[in-house]
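Student: next come a sequence and a model predicted from it.
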Amino acid sequence: MHRAFALAAVAMAAGCAGARGVLPASELPEGMVRGSVYATRLTSLAHAPPEAMQFAVLMTDGSVLTQSQSTWNTWYRYAPGADGRYANGAWKRIATLPAGYGPSAFASQVLADGRLLLTGGEYNQPFTRYPLQLTNLGAVYDPVKNSWTPLGHPPYWGYIGDSPSTLLPDGRLLIGQKLTERDAVLDPATLHWSAASDRGKADYNAEEGWTLLPDGKVLVADVRDAPNSEIYDPAAGRWKSAGTTIVELASVGGGCVRYGPKKKDCYFAAGEIGPAILRPDGSVFYTGAGTQPSGSGTGYTAIYHTRGSMAGKWSAGPQFPTGVSAGDTYAALEPSGNVLVFAKGALLEFDGTGFKRVGVDAGAPILLPTGQIMMLGPHVVLYTPSGKPQAAWAPTIRTYPHAIAAGKTYEITGTQFNGLSQAMSFGDEFQNSTNYPLVRITNRATHHVFYARTHDHSTMGVATGSKLVWTYFDVPAKIDAGASTLEVIANGIASHPVTVSASP
């Protein structure tokens with residue numbers, strides 16, 4: 001079920017267009033005191049958003065697409081400033097979703113070709129007379145054409161709703177139907193759906209969050225069948241148990257919620273669960289909702305291991321502070337490898353062993369190529385995490401064009417272009433992963449920064465190690481001429497720069 005983002009009501013432009021820099025005391029998130037470490041790591045935007053936003057996704061050209069909090073078919077593009085800083089970027093409204101489709105709490109993915117896909121939605125505008133819509137509509141956004149293409153649904157799926165999804169390493173979308181165990185895959189090239197085997201699935205897909213593992217398999221902690229966990233093997237086309245999560249991660253379910261005209265159209269909520277993040281050490285940090293039916297109370301955490309003597313096993317993680325839980329909340333992987341959890345009651349940082357309280361939930365986040373985390377809260381802010389990534393985590397460039405020209409497309413090869421993790425998680429909806437390469441070009445004379453749109457990546461896997469991978473990038477039409485540096489960025493971590501010569 002979709003969490004109501006009370007903190008995601010962004011002030012209108014007239015109310016929060018303050019000067020660039022650290023937030024003044026009057027604009028700090030509620031409960032945060034000037035002089036705190038958290039406050040010093042917050043940066044305001046020079047230009048406030050046109051209206052309140054509820055969701056953000058990072059595109060492959062370095063821009064951020066955001067969805068209106070009130071009118072769900074309305075979307076905006078936020079691009080960084082000429083110096084590459086996201087504090088002084090600009091907003092622009094983009095094309096409106098197709099008629100009849102204005103979803104909230106949907107499945108979403110940035111495809112390997114650079115397009116944004118939305119499918120389903122727990123709610124949809126215009127509303128019906130039922131509490132839930134569980135729409136089976138969808139759309140794909142082309143950033144080059146600035147247009148949405150309607151997307152059909154898997155065969156015989158009358159409802160999709162807020163469903164789990166992930167991109168498989170080969171670029172296909174895997175999605176689970178909320179109300180059943182059924183799965184489907186989408187071919188991005190043809191936008192054709194086909195059934196995927198759900199052999200061995202222990203329970204239906206409702207409220208689950210799927211995490212892509214380094215071996216290309218998909219991990220899930222069950223909600224209805226908690227505390228069981230499962231792994232999906234795309235090659236074998238089957239699910240199998242991954243054992244108990246040891247601690248209880250799911251909250252208690254609720255009663256009937258109607259979603260259709262028939263008496264049987266009654267969804268008995270399975271409960272809630274928190275986000276899960278694959279960390280650079282190969283462990284998956286899973287967070288839980290509180291023990292109350294509403295998901296409130298004190299939550300637990302668990303860790304799934306993919307390496308070493310504990311590979312394939314779970315261990316209990318640290319318990320949340322009293323009264324804090326993470327059902328239907330976000331988490332983001334910081335470049336340092338720590339996990340920022342937007343828990344109910346606190347903004348927490350997990351360092352691999354325990355929690356550190358770093359502030360308050362400041363709204364829906366997205367990890368930026370600078371390593372900062374944009375928070376779409378009362379005053380859309382940038383949070384700069386502490387710590388640095390290990391050198392071994394960065395992408396490396398093998399082959400690249402030494403001369404580039406405006407408007408042209410080039411191939412670049414190297415390793416770890418997709419990062420070590422999907423890096424963002426909400427759980428069963430609002431997927432905004434960042435496991436794809438970005439290309440940043442900086443002119444040495446003007447210091448202007450340009451993000452080249454990347455597309456057609458060789459893989460959408462994570463933690464690909466020494467495997468040679470590649471992507472293509474389109475040089476911006478208005479790039480500055482002259483000597484420049486070029487970097488590949490994944491999950492907010494940049495490669496060592498190489499030198500290129502740009503021509504107009």
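Tutor: Done, it's in. Bear in mind that the values here come from a model prediction, so they are computed numbers and not experimental data.
Student: in the longest strand along the chain, which residues are buried?
Tutor: For the chain, the strand with the greatest residue count under DSSP state E is strand 482-490. The neighbour-count check on strand 482-490 (16 or more other CB atoms under 10 Å) flags 484, 486-490 as buried. C-beta here means a position set from N, CA and C on the backbone, and glycine is covered the same way.
Student: what do you get for stretch 319-327?
Tutor: Buried residues in stretch 319-327 (16+ other CB under 10 Å): 320, 324-327.
Student: quick revisit: what packs against the longest strand of the chain?
Tutor: strand 438-443, strand 498-503 (3 or more CB pairs under 8 Å, 6 or more residues apart in numbering; DSSP states H and E).
Student: next one: the last one to chain centre, how far?
Tutor: If you compare the mean C-alpha spot of strand 498-503 with that of the full chain, they lie 32 Å apart, counting by CA atoms, centre = their mean, to the nearest Å.
Student: for residue 313, give its distance to residue 246.
Tutor: Taking CB to CB, to the nearest Å as the measure, residue 313 falls 9 Å from residue 246.
Student: out of the helices and strands packed on strand 482-490, deepest packed?
Tutor: Mean neighbours per residue, mean count of other CB atoms under 10 Å, is largest over the helices and strands packed on strand 482-490 for strand 438-443, with a mean of 23.
Student: from the contact counts, what lies against that strand?
Tutor: Contacts defined by 3+ CB pairs under 8 Å, 6+ apart place strand 438-443 against strand 449-455, strand 482-490, strand 498-503.
Student: and the angle from that strand to strand 498-503?
Tutor: Going by axes from the mean of the first three to the mean of the last three CA atoms, to 10 degrees, strand 438-443 is angled at 70 degrees with respect to strand 498-503.
Student: got the contact list for strand 438-443?
Tutor: Strand 438-443 is contacted by residues 60-62, 84, 369, 404, 412, 448-452, 454, 471, 473, 475, 479-480, 482-490, 494, 497, 500, 502 when judged by CB atoms under 8 Å, 6 or more residues apart in numbering.
Student: quick check: residue 52 touching residue 71?
Tutor: No. The pair residue 52 and residue 71 does not pass the contact test of CB atoms under 8 Å, sitting 9.9 Å apart.
Student: between the two, tell me which one has more neighbours.
Tutor: The neighbour comparison of residue 52 against residue 71 (other CB atoms under 10 Å) goes to residue 52, with 21 against 14.
Student: per-residue confidence for the more buried one?
Tutor: pLDDT, residue 52: 93.
Student: and what of residue 1?
Tutor: Model confidence at residue 1, given as pLDDT, is 53.
Student: with residue 225 instead?
Tutor: The model's pLDDT for residue 225 equals 95.
Student: what sits against the residue nearest to it when sequence neighbours are not counted?
Tutor: Of all residues not flanking residue 225 in the chain, residue 203 sits nearest, at 3.8 Å (CB to CB, 6 or more residues apart in numbering). The contact partners of residue 203, taken as CB under 8 Å, 6+ apart, are 181, 222-225, 228, 270.
Student: from the residues you listed, list the buried ones, please.
Tutor: Buried by 16+ other CB under 10 Å: 222-225, 228, 270, out of those.
Student: tell me the secondary structure at residue 131.
Tutor: With DSSP: H, G, I helix; E, B strand; the rest coil as the basis, residue 131 sits in coil.
Student: what are the ranges of the strands in the stretch 201-350 of the chain?
Tutor: 211-212, 218-221, 228-233, 238-244, 256-258, 266-268, 276-278, 283-287, 301-305, 314-316, 331-333, 339-343, 346-350 (DSSP state E, counting those that start in this stretch).
Student: what's the fourth one packed up against?
Tutor: So the one you mean is strand 238-244. Using 3+ CB pairs under 8 Å, 6+ apart as the contact test, the elements touching strand 238-244 are strand 228-233, strand 314-316.
Student: state the number of residues packed around the residue nearest to residue 449 when sequence neighbours are not counted.
Tutor: Closest residue to residue 449 apart from its sequence neighbours, by CB to CB, 6+ apart: residue 84 at 2.9 Å. Using other CB under 10 Å, residue 84 has 19 neighbouring residues.
Student: do residue 156 as well
Tutor: Neighbourhood size, residue 156 [other CB under 10 Å]: 9.
Student: if I look at it, how far off is residue 247?
Tutor: Taking CB to CB, one finds residue 156 at 37 Å from residue 247.
Student: okay, the helices and strands packed on strand 482-490 in TSV with distance to residue 47 and mean pLDDT next?
Tutor: TSV is the format used below for the helices and strands packed on strand 482-490 (distance: least, CB to CB, whole Å; pLDDT from 0 to 100):
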stretch	distance to residue 47	mean pLDDT
strand 438-443	21	98
strand 498-503	27	98
